[in-house]
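K.L.:
no FASTA, just this:
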């Protein structure tokens, strides 16, 4: 237990010109960097830390504020303080490919198809895909994306059913959406537009992304088009805000 390890700390040197809160922040930072405190680990409460270091809670609070400011620790209201996870930088440009982006940061990408269905497109989706009357059905693929086995994105992918009815079968053998599109005659596609907002997650989203419901998700609505300009996909991605940093690239 972290609480037990904190009771074994050496006393803080006093009267040496280094503020106590700085010494505490440095010690916690050292434990994070050497792996004693792993990413996502819950830190002891202020009361436990104050007793362990022999200081008041205000001093602990000042040390934690410093660690939060420097991105080493995150605080969840009502749940406590946690070692911050490694942040995945996710660049959004004209050619955005999940696996390529994750591998470029020395992480292992993977994905899991949660469900595949076909239904009539919602008005917003039908408009973005430029679907004509009589061709309003879409194939919807729900996919969970991982970086080093940690869930980072939950995507809802919408494809015109009259063009991509084979996608459900293709995804049974390979969960790659890019590969499925290639098998359907779309070897390349590009991002036309992305709209980014934020909101609180649903209970299912929080559970799948393994994050607290009190933490927001980044919501990205994107339209992908083939070289001729015809929309082939509308994706609605929910990113775990604590693990993903969206980077907008200028072409």
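P.N.:
Perfect, thanks for sending it. In this text, all values refer to a predicted model and were calculated from it rather than measured experimentally. Numbers count the residues shown, from 1 in each chain.
K.L.:
mind listing the helices for the stretch 151-251 of the chain?
P.N.:
Assigned by DSSP state H, counting those that start in this stretch, the stretch 151-251 of the chain shows helices spanning 167-173, 177-183, 203-208.
K.L.:
Just say helix, strand or coil for residue 60.
P.N.:
Put simply, residue 60 is helix when judged by DSSP: H, G, I helix; E, B strand; the rest coil.
K.L.:
ok, so what distance separates it from residue 242?
P.N.:
22 Å (Cβ to Cβ, to the nearest Å). Yep, even glycine has a C-beta here, placed from its N, CA and C like the rest.
K.L.:
Could you do residue 115 as well?
P.N.:
Counting by Cβ to Cβ - residue 115 and residue 242 are separated by 25 Å.
K.L.:
And the two? Which one has more around it.
P.N.:
Higher neighbour count among residue 115 and residue 242: residue 242, with 20 against 9, using other Cβ atoms under 10 Å.
K.L.:
right, and that one touches residue 84 too?
P.N.:
Yes: here residue 242 reaches residue 84: they are 7.3 Å apart, a contact under Cβ atoms under 8 Å.
K.L.:
so what sits against both of these two?
P.N.:
residue 74 (Cβ atoms under 8 Å, 6 or more residues apart in numbering).
K.L.:
Show me which residues of stretch 125-142 are buried.
P.N.:
Buried residues in stretch 125-142, counted by 16 or more other Cβ atoms under 10 Å: 125-126, 128-129, 131, 136-141.
K.L.:
will you turn the residues you listed into JSON lines that also has pLDDT, secondary structure and distance to residue 106?
P.N.:
Converted to JSON lines, the buried residues of stretch 125-142 look like this (pLDDT from 0 to 100; DSSP: H, G, I helix; E, B strand; the rest coil; distance: Cβ to Cβ, whole Å):
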{"residue": "125", "pLDDT": "96", "secondary structure": "helix", "distance to residue 106": "35"}
{"residue": "126", "pLDDT": "96", "secondary structure": "helix", "distance to residue 106": "40"}
{"residue": "128", "pLDDT": "97", "secondary structure": "helix", "distance to residue 106": "34"}
{"residue": "129", "pLDDT": "97", "secondary structure": "helix", "distance to residue 106": "35"}
{"residue": "131", "pLDDT": "95", "secondary structure": "coil", "distance to residue 106": "40"}
{"residue": "136", "pLDDT": "90", "secondary structure": "coil", "distance to residue 106": "43"}
{"residue": "137", "pLDDT": "96", "secondary structure": "strand", "distance to residue 106": "41"}
{"residue": "138", "pLDDT": "97", "secondary structure": "strand", "distance to residue 106": "36"}
{"residue": "139", "pLDDT": "97", "secondary structure": "strand", "distance to residue 106": "33"}
{"residue": "140", "pLDDT": "97", "secondary structure": "strand", "distance to residue 106": "32"}
{"residue": "141", "pLDDT": "97", "secondary structure": "strand", "distance to residue 106": "27"}
